[in-house]
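Chemist: show me how the following folds:
(2 chains)
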Amino acid sequence: MSAAAIPLSETQRPWNLPYRGKVAMAGLIIAEASIFTIFVVAYLFYMGKSLTGPTPREVLETPIFFTICLLSSSLTIHYAGKVLQRGERGAFLSLWTLTIVLGGLFLFGTGQEWHRLIYEHGLTISTNLFGTTYYSLVGLHAFHVTAGMIMLMIVAIFAFAGRMGTEHSRRVEVLSLYWHFVDAVWVVVFTVVYVLGR
Amino acid sequence: MSSNTITIPGIGVEGKPWLETLHEWVTTVDHKRLGILYIVYGLGFLVVGGVEALIIRIQLMHSHNDFVSPQVFNRMFTMHGTTMIFFMVMPVLFGFANYLVPLMIGARDMAFPRLNAFSFWLSAFGGLLLYFSFLGGSGLYGAGNAPDVGWWAYAPLGARAFSPGHSTDYWTLSLLVSGFGSIGTAINIIATVLCMRCPGMKLGRMPLLVWLYLVMGGMVLIAITPLSAAQIMLLVDRYLGGHFFDTQAGGSAVLWMHFFWIFGHPEVYVLVIPAFGFSSEIIPVFSRKPIFGYPVMVAATVGIGFLSLTVWAHHMFTVGMNSYANSFFAITTMAVGIPTGIKIFNWIGTMWGGRIQFKVPMLFCIGFLFQFLIAGLTGIIQASVPVDWQLSLSYFVVAHFHYVIVGGILFATFGAFYYWYPKITGRMLSERLGKWHFWLFVIGFHLTFDVMHIPGLLGMPRRIYTYEPGRGWDTLNLIVSIGAFIQAVAILVFVWNLIISYFKGAKAGSDPWDAWTLEWSTSSPPPAYNFATVPVVASARPLWDLKHPEDPDSQYE
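Modeler: Numbers count the residues shown, from 1 in each chain, chains lettered A, B, ... in the order given. Next up, the predicted model:
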């Protein structure tokens, strides 16, 4: 048998397949969503089952400002992708930096909250069930924000070096998919920890 | 094959120094080499896990045996289960996915070759980490060596107080690490199938094996990750003093069971779906008919995928859930039998009226078909809650799931070995040795696992290291153990066949089985780039079209 190619009229038809980066990120998001689901279920299951204090009602404060920061960073990264596609490098750079600043503010907020809980209220991961589930769930999310921040900063370094152009907009889009996911997870974590859990 | 290969100067020169060859294999990102690495790695652990099974069977051969201590016995069944699931079956199936999926869809590699290599080495080191526990498990406490908590490590057995030392940590970390490897490979398989198909390879024209690997990849993403999450929680408990599964602080042991089985049950389907795929490729070729009911097969697979995510708590009927939960999980469990039944009828429908050739791959697939049917039937028996209350944690359960994994998955995988070995190595496996392997394995398998149901019905619990004489279990256990040794001999024949045929087997040529899928259109073994020109397909059986231009399948699509 000769070459595997089979000459047929179908060759002429356009053959478009999805971009592998997007598909892979969608896969990663499904896997991550599954991990978060388990942690959220554990949080919900153990709500109010701590044998000792402190309880969430006593110590938790709703982090409205930092939540707004994180959620608006989803907007800025979205527009950053749009302007990169149009080749406006200056606008991309400022929107991208703004995203990093907003993400950094959010992480600062989490750090501040943890500091307060540990040093003022004596709540650690081993104090009670609330501590165990709270630090695990919020910590897992903060870990994902940190991972996202590292990737955002790598892009920023390339952007400052003038290496980011229209040809990279597909990859930036994949990264922003991840960032949107991290934000969406925060909506769930926020609802569970600060709304239902109190 | 002249027009199908490109000569690249300097490549394929004989007599390279061994260090260079080794370096090539360690640093490879070629999907075929990674596939072979996965498979060889899995076969190595098949032998290790098999030896552990034999130790278990020698210990249980007669009552009051003291071949190994109770502690060693616990370590053996823990390591046997963990090894066989995570480091034998999973790697072998991922290996075949790596090797076959790009070839079958006319691609030159996986979507992410480096991620592929990374995932393999994660899994590989995960396995080494598990076995390092034999050396490092004692830790500072000097207690325990290999993990001895059972493959499901029910709480509170996994807690610090009950598992001192580091053995359980090695178990946790190795599953976590290899779990990440599995997620990477699953993402890679999905991206490859969706984004790398050659022109004309529509979703509805993909070989069924590719479809089934796509479903398997999706299930890995949804079902393996809960295990990773649960292992993270266990690490938090063990190292940071968390209370997830600490009942004294209000934690719940049952929650661990739920998390484990949300992973554990779909995992069975993650393993069996590729086995379905192997049969769906092999049975048509050796029946000389296209697969019966292709779209229904795909739909049934997707149905199994979804249903299998809703059945996990049938492992927990004896825990004491309420009757609504019991009924729900009993019904969903029985419902899985419907799409599975459809598949079995479709395979029989494929064989019906075909000119069946009883070559070794086909023999193994026929074995798979009937044994998997029996395994499914004993599964349905246990899906009814009152029966399960009686049988749970007995040897009946052990017999049932070994029927699935050995009689179903392993048989189909052996079929895959005989079917694709010529493609991978360029040489045929010996038919004579293959028949010896098949018949010895069938006899050993049925001796072991048919008989094993009976002590289970008589009330013999699983995981006991010995038993009292005079309960009617002695003779049955002796027969079970004899069967295990016959299976071991069959495995030795198989390994010998793999080795001897590599050097002395008949040359295979590119298409020894007169098959229809794209991997047979390139040389055996395929060149590094798979296809000199990217193929274009017009039907589900591109090679049929090529061989029968007067009556191509594409006419009817």
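
Chemist: who touches the closest residue to chain A within chain B in this structure?
Modeler: Here the residue of chain B nearest chain A is B:Gly241; by C-beta to the nearest C-beta that distance is 3.2 Å. To be clear about C-beta, it is placed using only N, CA and C from the backbone, and glycine gets the same treatment. When the contact criterion is C-beta atoms under 8 Å, 6 or more residues apart in numbering or on different chains, the partners of B:Gly241 are A:Ile125, A:Ser126.

Chemist: and it, how close does it get to B:Trp121?
Modeler: According to C-beta to C-beta, to the nearest Å, B:Gly241 and B:Trp121 sit 32 Å apart.

Chemist: got a pLDDT number for the residue of chain B closest to chain A?
Modeler: The per-residue pLDDT reported for B:Gly241 equals 93.

Chemist: now do stretch B:286-299: distance to the chain's middle.
Modeler: For stretch B:286-299, the gap between its own C-alpha mean and the chain's C-alpha mean amounts to 22 Å (C-alpha atoms, centre = their mean, to the nearest Å).

Chemist: residue nearest the centroid of chain B?
Modeler: Chain B has B:Val89 as the residue nearest its centroid, 3.2 Å off, counting by C-alpha atoms, centre = their mean.

Chemist: list the contacts of it.
Modeler: For B:Val89, the set of contacting residues under the criterion of C-beta under 8 Å, 6+ apart consists of B:Gly42, B:Leu271, B:Ile405, B:Ile409, B:Leu410, B:Thr413.

Chemist: name the member of the residues you listed with the most neighbours.
Modeler: Looking at the contacts of B:Val89 with neighbours defined as other C-beta atoms under 10 Å in any protein chain shown, the largest count falls to B:Leu410 at 27 neighbours.

Chemist: in chain A, which helix or strand is least confident?
Modeler: helix A:56-59 (a mean of 94; mean pLDDT, DSSP states H and E).

Chemist: name the helices or strands packed onto that helix?
Modeler: With contacts defined as 3 or more C-beta pairs under 8 Å, 6 or more residues apart in numbering or on different chains; DSSP states H and E, helix A:56-59 has no helix or strand neighbours.

Chemist: can you give the contact residues for that helix?
Modeler: The list of residues contacting helix A:56-59 from outside it, by C-beta under 8 Å, 6+ apart, reads A:Leu117, A:His121, A:Leu123, A:Phe130, A:Tyr134, A:Val193, A:Gly197, A:Arg198.

Chemist: how far off centre is it?
Modeler: Distance of helix A:56-59 from the chain centroid (C-alpha atoms, centre = their mean) equals 26 Å.

Chemist: for the record, mean pLDDT for whichever helix or strand comes after it?
Modeler: Proceeding N to C from helix A:56-59, the next assigned helix or strand is helix A:64-85, under DSSP states H and E. Average pLDDT, helix A:64-85: 96.

Chemist: does any part of the helix or strand following helix A:64-85 sit near chain B?
Modeler: Tracing the chain past helix A:64-85, the next element assigned as helix or strand by DSSP H and E is helix A:89-120. No - taking C-beta under 8 Å from any C-beta of the partner chain as the criterion, helix A:89-120 and chain B are apart, separated by no less than 13.0 Å.

Chemist: quick one: contacts for the closest residue to B:Ala484 other than its chain neighbours?
Modeler: Counting by C-beta to C-beta, 6 or more residues apart in numbering or on different chains, B:Arg57 is the residue found nearest to B:Ala484 once chain neighbours are left out, at 4.3 Å. Residues touching B:Arg57, when contacts are defined by C-beta under 8 Å, 6+ apart, comprise B:Val480, B:Ser481, B:Ala484, B:Phe485.

Chemist: in which helix or strand does B:Arg57 reside?
Modeler: Using DSSP H and E, B:Arg57 sits within helix B:31-59.

Chemist: can you check B:Arg75 too?
Modeler: With DSSP H and E as the criterion, the answer for B:Arg75 is helix B:70-82.

Chemist: would you mind getting the angle between that helix and helix B:31-59?
Modeler: An angle of 150 degrees separates the directions of helix B:70-82 and helix B:31-59 when computed by axes from the mean of the first three to the mean of the last three C-alpha atoms, to 10 degrees.

Chemist: elements contacting helix B:70-82?
Modeler: In this structure, helix B:70-82 makes packing contacts with helix B:31-59, helix B:167-195, judged by 3+ C-beta pairs under 8 Å, 6+ apart.

Chemist: low-confidence stretches in chain B?
Modeler: Along chain B, segments meeting pLDDT under 70 span B:1-14, B:137-144.

Chemist: now with 50?
Modeler: Segments of chain B classed as low confidence (criterion: pLDDT under 50) are B:1-3, B:10.

Chemist: for the longest helix seen in it, packing partners?
Modeler: Secondary structure of chain B read by DSSP state H shows that its longest helix is helix B:253-287. Packed against helix B:253-287, as judged by 3+ C-beta pairs under 8 Å, 6+ apart, are the following elements: helix A:20-45, helix B:90-104, helix B:208-240, helix B:294-308, helix B:323-351, helix B:360-383, helix B:411-425.

Chemist: winner for burial among the helices and strands packed on helix B:70-82?
Modeler: Burial of these is given as mean neighbour count (mean count of other C-beta atoms under 10 Å in any protein chain shown); helix B:167-195 ranks first at a mean of 25.

Chemist: just the angle for it relative to helix A:20-45, thanks.
Modeler: Helix B:167-195 and helix A:20-45 are oriented at 140 degrees to each other (the same axes, to 10 degrees).

Chemist: just checking, what packs against helix B:167-195?
Modeler: Contacting helix B:167-195 under the criterion 3+ C-beta pairs under 8 Å, 6+ apart are the following elements: helix A:20-45, helix B:70-82, helix B:90-104, helix B:113-136, helix B:208-240.

Chemist: let's see 10 Å
Modeler: In this structure, helix B:167-195 packs against helix A:20-45, helix B:31-59, helix B:70-82, helix B:90-104, helix B:113-136, helix B:208-240, helix B:253-287, with contacts taken as 3 or more C-beta pairs under 10 Å, 6 or more residues apart in numbering or on different chains; DSSP states H and E.

Chemist: closest to B:Thr448 out of those?
Modeler: Of all those, it is helix B:31-59 that lies closest to B:Thr448, at 8.1 Å by C-beta to C-beta.

Chemist: what's the offset of that closest one from the middle of its chain?
Modeler: Between the centre of helix B:31-59 and the centre of its chain there are 11 Å (C-alpha atoms, centre = their mean).

Chemist: tell me the angle of that helix relative to helix B:411-425?
Modeler: Comparing the axes of helix B:31-59 and helix B:411-425 via the same axes, to 10 degrees yields an angle of 140 degrees.

Chemist: tell me the buried residues in stretch B:287-297?
Modeler: Under the neighbour-count criterion of 16 or more other C-beta atoms under 10 Å in any protein chain shown, stretch B:287-297 has B:Ser287, B:Lys289, B:Pro290, B:Ile291, B:Phe292, B:Gly293, B:Tyr294, B:Val296, B:Met297 buried.

Chemist: for the second one, give me its contacts.
Modeler: For B:Lys289, the contact set (C-beta atoms under 10 Å, 6 or more residues apart in numbering or on different chains) comprises B:Ile283, B:Gly349, B:Thr350, B:Met351, B:Trp352, B:Gly353, B:Gly354, B:Arg355, B:Ile356.

Chemist: wait, a strand at it?
Modeler: No - assignment of B:Lys289 by DSSP: H, G, I helix; E, B strand; the rest coil gives coil, placing it outside any strand.

Chemist: tell me the phi and psi of it?
Modeler: Its backbone dihedrals place B:Lys289 at phi -140, psi 150, with angles given as degrees, to the nearest 10.

Chemist: ok, the fifth one next?
Modeler: Taking degrees, to the nearest 10, you get phi -80, psi 130 for the backbone angles of B:Phe292.
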